[in-house]
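Visitor: return atomic coordinates for the entry below.
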Amino acid sequence: MQLFLVDGGRARAVERFDSRFSIAHLVRTSEGIQVTFAYLQKDGSIGRHEAVENQILVVVDGEGWVGGADGTQKPIGVGQAAFWTKGEQHETGSESGLTAIILEGAGVKPPPNAVPV
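Guide: All right, here's what the predicted structure looks like:
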């Protein structure tokens, strides 16, 4: 067994697309799936941009909002996830702070038994 830190203190700041968040890469599989942590501080955001691959954002702490192709912002909190398809415009924000795990890759899809919110 190996233990290691994935806390926000080791994350790198991202400002592209007028974003205000930090990201820490966790793993990239041989199938091209990437897993990262995103840390949005108070009034943080992941600016609107096109998804490079299919993407799922899973909130593990805090709360905020997510937006997709239609630009509508929908609330999201712990235990909820958002899915965007490759090429879809999307964004995320939080007034109070949010931590999420992001999975990206061509093979990423929501589970067949996903319960809509």
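Visitor: what sits up against the strand ranked longest in the chain?
Guide: When the chain is parsed with DSSP state E, its longest strand is strand 55-67. For strand 55-67, the surrounding residues in contact (C-beta atoms under 8 Å, 6 or more residues apart in numbering) are 38, 40, 44, 48, 73-84, 90-104, 108, 110. Bear in mind the C-beta positions are built from the backbone N, C-alpha and C, glycine included.
Visitor: what about it, average pLDDT?
Guide: Taken as a whole, strand 55-67 has a mean pLDDT of 98.
Visitor: what about the chain, any weak spots by pLDDT?
Guide: The model of the chain has pLDDT under 70 over residues 8-9.
Visitor: mind running it again at 80?
Guide: Where the chain drops to pLDDT under 80, the residues are 4-11.
Visitor: re the thing from before, tell me the strands beside the longest strand of the chain, with direction?
Guide: strand 73-77 (antiparallel), strand 81-84 (antiparallel), strand 89-94 (antiparallel), strand 98-104 (antiparallel) (DSSP bridges).
Visitor: buried residues, that strand. List them.
Guide: By neighbour count on 16 or more other C-beta atoms under 10 Å, the buried set for strand 55-67 is 55-59, 62, 64-67.
Visitor: need the max-distance pair from those residues.
Guide: Greatest spatial distance in the buried residues of strand 55-67: 55 and 62, 18.8 Å, computed using C-beta to C-beta.
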